[in-house]
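**Q** dropping a prediction and its sequence here:
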Amino acid sequence: MAYVDDIYDIVVKRNPGEKNFHQAVREVLTTLRPAVEANPAYQKAALLERMVEPDRVVIFRVPWVDDAGNVQVNRGFRVQFNNAIGPYKGGLRLHPTVSLDVVKFLGFEQVFKNSLTGLPIGGGKGGSDFDPKGKSDREVMAFCQSFMTELYKYVGADVDVPAGDIGVGAREIGFLYGQYKRLTGRYEGVLTGKGLSYGGSLARTEATGYGLVYLAEELMKDHGTSLEGKKVCVSGSGNVAIFAVQKAQQLGAKVLTMSDSNGSIYDPEGIDLDLVKEIKLVRRGRIKEYADVKTNAEYREGKRVWDIPCDVALPCATQNELDLEDAKNLQANGAYAVVEGANMPSTPEAIDLFNAAGILYVPGKASNAGGVATSALEMTQNSERLSWSFDEVDAKLHGIMKNIYASISATAKDYGQVDNFMMGANIAGFRKVADAMIAQGVV
Ligand code: NDP
Ligand code: 2IT
């Protein structure tokens, strides 16, 4: 049996029941085969065995007191997956579905993503099953302070630098930062996504969504077209989705849909983003409210967005939110490209169908890397004790996304698989980490 197949079996045996982690590992291993088989030194160094095992995982109790005076207990996680090329870097997710499985799949993906940025950052991820929905600001603060009271022992500006992800935005990063500073007495860039008045970077808020669309535009240009005049379906209505819609509209696309976990909106006139921002960012409301104001738009309770005809699909909500049925709908409606804003949003069956149907497909670890790349730029500014202008950061982000596209496209070509961006991303991300690990010996 091939080396990569052995590794998959080991992962399944050693991590029973961790379905998302198995899925993320499998996707990487199947595409790494030619790169690994061409270089026997990798097997000799047990490189894959080491890569699928996190450096360490921390799991901890997070007790806090709710507004009614009851003590609540959540579970906190931080997985430090690989620091061969730089300090651990990756977001914190607050969502009831967060488990060891989820943080491990995200941490594993992050290793390859961070390598693709070309910046010196390793991979990590964390979070908790705490649900921020419906909680007061004080309850969120109480949770964040308790979470950091344990996490601070394991993180630091040159050690591990967490950031936002689902359920973690500027408010949560602020509370986490305040508690870190209070516990350690250190004023350092231990988290990214900070507020602008205390070390945050301009354009970090926009970076994942903007970067996603920069990459999509690069893909379109490389295939002789552009986003101008294209119909785009976006899922989600959080940080990534909102700024993806903004940049897509700036580039002349017509965005037809957005969604949240309750349902989706379809606006044939094109999404009114100011209204979405008012509902989501100001009032922390539900996407349903959009159709109360814009009566030409349709609210579709419990429905995803992928049945709406579009040229380009940008899944920006969560893992496995686009399955085989959705992929069939996209194919039937003549979709041209799927570019992922979320982490692992397409199921393996959906990806197989994209490939078979000739739908251009870019995996999230390449297309959503603009967020973490800009986080790394925030770390640089923190070390320099400087703040760059919005345009400066945005231009760097744009350059990084162009480089990522060039790298994944060229790597796919090198292996005779033109436009297989999943293979290109996995191999390009893998090589840099693998070579660093070989150079550093058996650690
Ligand atoms: P937010 O919390 O800002 O928004 C998440 C959005 O996805 C919300 O609209 C939410 O709806 C929806 N959503 C979450 N869980 C589910 C679910 N189980 N089913 C359906 N919809 C769901 O998170 P982000 O925008 O930051 O993150 C979105 C995706 O992008 C995630 O996969 C994240 O890992 C990825 N990502 C984020 C980066 C960042 O910089 N923030 C960087 C790279 C990737 P609801 O409000 O109903 O929960
Ligand atoms: O999935 C991701 O890349 C993120 N949530 C952003 C991580 C970061 O460190 O900015």
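**A** Now that the structure is in, tell me what you want to look at. Just so it is clear, the structure is predicted and the values come from calculations on it, not from any experiment. Ligands and ions are numbered 1, 2, ... in the order given.
**Q** okay, CA-based contacts and neighbour counts for the rest of this
**A** OK.
**Q** so where is the stretch 301-443 of the chain shaky, pLDDT-wise?
**A** Within the stretch 301-443 of the chain, no stretch has pLDDT under 70.
**Q** which stretches of it form strands?
**A** Under the criterion DSSP state E, counting those that start in this stretch, strands of the stretch 301-443 of the chain are mapped to 312-314, 337-339, 360-362.
**Q** quick check: the residue of the stretch 51-200 of the chain nearest ligand 1.
**A** As assessed by C-alpha to the nearest ligand atom, ligand 1 sits closest to residue 166 within the stretch 51-200 of the chain, at 3.4 Å.
**Q** residue 403: neighbour count?
**A** Applying other C-alpha atoms under 10 Å, we find 17 residues neighbouring residue 403.
**Q** for residue 428, see how far away it is.
**A** Counting by C-alpha to C-alpha, to the nearest Å, the separation of residue 403 from residue 428 is 12 Å.
**Q** residues touching the nearest residue to residue 262 once chain neighbours are set aside, list them.
**A** Using C-alpha to C-alpha, 6 or more residues apart in numbering and skipping residues adjacent in sequence, the residue nearest residue 262 is residue 302, 5.4 Å away. The contact partners of residue 302, by C-alpha atoms under 8 Å, 6 or more residues apart in numbering, come to 261-264.
**Q** could you rerun that using 10 Å?
**A** Residue 302 makes contact with 259-264, according to C-alpha atoms under 10 Å, 6 or more residues apart in numbering.
**Q** and stretch 429-443, C-alpha only, in CSV?
**A** Extracted C-alpha coordinates of stretch 429-443, given in CSV (Å, rounded to 0.1, in the frame of the first residue of the first chain):
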residue,chain,number,x,y,z
GLY,A,429,1.8,24.6,1.1
PHE,A,430,3.3,21.2,2.0
ARG,A,431,6.7,21.6,0.4
LYS,A,432,7.8,24.6,2.4
VAL,A,433,6.8,23.1,5.8
ALA,A,434,8.2,19.7,4.8
ASP,A,435,11.6,21.1,3.8
ALA,A,436,11.8,23.2,7.0
MET,A,437,11.0,20.0,9.1
ILE,A,438,13.7,18.0,7.3
ALA,A,439,16.2,20.7,7.8
GLN,A,440,15.4,20.9,11.6
GLY,A,441,15.9,17.2,12.2
VAL,A,442,13.6,14.7,14.0
VAL,A,443,11.6,17.0,16.3
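**Q** and the nearest residue to residue 394 once chain neighbours are set aside, how many neighbours?
**A** Among residues not flanking residue 394 along the chain, residue 203 sits closest, at 6.3 Å (C-alpha to C-alpha, 6+ apart). Neighbourhood size, residue 203 [other C-alpha under 10 Å]: 23.
**Q** next one: the one 5 residues further on
**A** The burial count assigned to residue 208 is 30, neighbours taken as other C-alpha under 10 Å.
**Q** could you verify my assumption that it touches residue 371?
**A** Yes: here residue 208 lies in contact with residue 371, judged by C-alpha atoms under 10 Å, at a distance of 4.0 Å.
**Q** can you work out which residues contact both of those two?
**A** With C-alpha under 10 Å, 6+ apart, residue 208 and residue 371 have common neighbours 240, 341, 397.
**Q** tell me the contacts of the first one?
**A** Read it as residue 240. The contact partners of residue 240, taken as C-alpha under 10 Å, 6+ apart, are 165-166, 205-212, 234, 315-317, 341-342, 368, 371.
**Q** one more: the second one?
**A** Residues touching residue 341, when contacts are defined by C-alpha under 10 Å, 6+ apart, comprise 208-213, 234-236, 240-241, 244, 313-318, 362-371.
**Q** if I've got this straight, residue 43 is in a helix?
**A** Yes: counting by DSSP: H, G, I helix; E, B strand; the rest coil, residue 43 is located in a helix.
**Q** mind listing what's buried in the lengthiest strand in the chain?
**A** Longest strand in the chain by number of residues, with DSSP state E as the criterion: strand 71-82. Residues 74-82 are the ones in strand 71-82 that count as buried (16 or more other C-alpha atoms under 10 Å).
**Q** residue in the stretch 251-400 of the chain nearest to ligand 2?
**A** In the stretch 251-400 of the chain, no residue comes nearer to ligand 2 than residue 372, which is 3.5 Å away by C-alpha to the nearest ligand atom.
**Q** count the residues that sit near that residue.
**A** When neighbours are counted by other C-alpha under 10 Å, residue 372 comes out with 27.
**Q** so who does it touch?
**A** Counted by C-alpha under 10 Å, 6+ apart, residue 372 has contacts 89-91, 110, 113-114, 117, 119, 121, 162-164, 192-193, 204, 207-208, 378.
**Q** rerun that using 8 Å as the cut-off
**A** 89-90, 114, 208.
**Q** near ligand 1, from these?
**A** Filtering those for proximity to ligand 1 by C-alpha under 6 Å from any ligand atom leaves residue 208.
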